[in-house]
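Chemist: Predicted model follows, preceded by the sequence.
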Amino acid sequence: DGGITQSPKYLFRKEGQNVTLSCEQNLNHDAMYWYRQDPGQGLRLIYYSQIVNDFQKGDIAEGYSVSREKKESFPLTVTSAQKNPTAFYLCASRRAGQDTGELFFGEGSRLTVL
Amino acid sequence: SQKIEQNSEALNIQEGKTATLTCNYTNYSPAYLQWYRQDPGRGPVFLLLIRENEKEKRKERLKVTFDTTLKQSLFHITASQPADSATYLCALASDSSASKIIFGSGTRLSIRP
């Protein structure tokens, strides 16, 4: 079945460690997105990519990094520079272009920094 | 920059009534606006999209309106059921290329039997 797979679902890390969250899609979508969600809050955009080897900062990119070496994959690294990394992270994809419809989301990765 | 607001953090209504959720945006009118449903601990799921030249869109018990003068979209669930209890999010493209998709803070809807 086509979809988006995020891993791991739950992740615990010590303060000061970098963490990489995986996002893979087999929907043949060009565009991919990373959002952060804090308890009781909406989604805030971290990074997005419309095409391989290109990505743009969202509204809260500080302390995060991404790569887009393959169409199917858009990993997110939470670096030690991120001051408050504990959150629920959501990856999404959609067809690129202006009139493209909805985002398809993964099931999320919950990161807890101890 | 474009901002998007959902005024109600939570909404509680009686089963069978119509739930109405509000989404407001600032600045220019987006080419379209989307509504999603999110259950606890899950990723959001797309429900409806309405374009700027459409005043209303329906899907089963769901209805969305788009008023570019008021810079507002309303999301209605008619004949609400306890299974409709979830968080509902509105989203729009905040840039001219329609690639930067931002979300409102969501409204948590509870339908009591």
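Modeler: Sure thing, it's come through.
Chemist: drop to CA atoms for contacts and neighbour counts, all remaining ones
Modeler: Fine.
Chemist: who touches residue B:66 in this structure?
Modeler: Contacts for residue B:66 were tallied using C-alpha atoms under 8 Å, 6 or more residues apart in numbering or on different chains; they are B:50, B:51, B:52, B:54, B:55, B:56, B:72, B:73, B:74.
Chemist: show me the contacts for the third one.
Modeler: Contacts here follow C-alpha under 8 Å, 6+ apart; on that basis residue B:52 touches B:29, B:30, B:31, B:32, B:33, B:66, B:68.
Chemist: Beta-bridge partners for residue A:76, please?
Modeler: Per DSSP bridges, the residues bridged to residue A:76 are residue A:21, residue A:66.
Chemist: Test my guess that it contacts residue A:68.
Modeler: No. Counting by C-alpha atoms under 8 Å, residue A:76 stays clear of residue A:68, with 9.7 Å between them.
Chemist: The two: which has the busier surroundings?
Modeler: Shown here are residue A:76 and residue A:68; by other C-alpha atoms under 10 Å in any protein chain shown, residue A:76 has more neighbours (22 against 19).
Chemist: Look up how far chain A lies from the residue nearest to residue B:56 when sequence neighbours are not counted.
Modeler: Spatial nearest neighbour of residue B:56, excluding adjacent residues (C-alpha to C-alpha, 6 or more residues apart in numbering or on different chains): residue B:65 at 4.3 Å. Distance check for residue B:65 against chain A: by C-alpha to the nearest C-alpha, to the nearest Å, it reads 17 Å.
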